[in-house]
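[1] I would like to see how this sequence folds:
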Amino acid sequence: MFWSKKAKPTLEGLAMAGKCQIEAESLYRSGKYHCAESVLETVRKNFAPEVPESVVGTVSGFGFGSNSGCICGAVSGGTAAIGLVVKDKKEVNHLTKELHAWFSEKYGVTCCKVIRKTHKGACPVLTGEVAGKIAEMLGRK
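    Here you go, the predicted structure:
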């Protein structure tokens with residue numbers, strides 16, 4: 001099955017997107033997880049609960065732009081989350097491209113250093129937004 005940008009999300013999909021946005025932001029704010037971990041854990045819990053929570057550790061190095069300030073950890077964690085849920089490589093690539101384009105349009109860049117300078121304090125919110133966007137995309141089958 002191929003996800004389409006043109007397909008409209010269902011009411012259930014929109015509700016799930018809102019739920020995921022709140023959950024990921026809350027996880028980030030709790031201090032238990034950073035941006036990448038919050039997105040992956042939220043998507044895992046809601047779309048692949050059979051996968052153990054320990055998988056979240058695979059993105060531990062992605063926080064704060066992989067600790068180099070480069071690509072946003074929420075986007076990196078989101079890319080991993082898409083791959084966790086979607087099994088077809090073409091679909092993963094399509095959704096990842098859409099996620100990056102959406103994020104770039106919204107924030108101007110995907111670079112963590114730049115975002116943290118131009119959008120001070122936005123990390124908890126954008127972490128939630130990334131998880132919500134992924135849930136919205138996954139809900140448009």
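
[2] quick one: residues contacting Cys111.
    For Cys111, the contact set (Cβ atoms under 8 Å, 6 or more residues apart in numbering) comprises Gly65, Gly69, Cys70, Ile71, Cys72. For the C-beta atoms, the positions are set from N, CA and C on the backbone; glycine is no exception.

[3] and Gly13, by the same measure?
    By Cβ under 8 Å, 6+ apart, the contact list for Gly13 reads Ala135, Glu136, Leu138, Gly139, Arg140.

[4] got any ranges where this structure has weak pLDDT?
    Counting by pLDDT under 70, the ranges of the chain that qualify are 1-7, 9, 141.

[5] and Val114, how far is that from Cys72?
    Distance of Val114 to Cys72, computed by Cβ to Cβ, to the nearest Å: 9 Å.

[6] these two: who's more crowded?
    Between Val114 and Cys72, Cys72 has the larger neighbour count (other Cβ atoms under 10 Å), namely 32 against 16.

[7] wait, that one sits on Gly108?
    No. Look at Cys72 against Gly108 with Cβ atoms under 8 Å: they stay out of range, at 11.5 Å.
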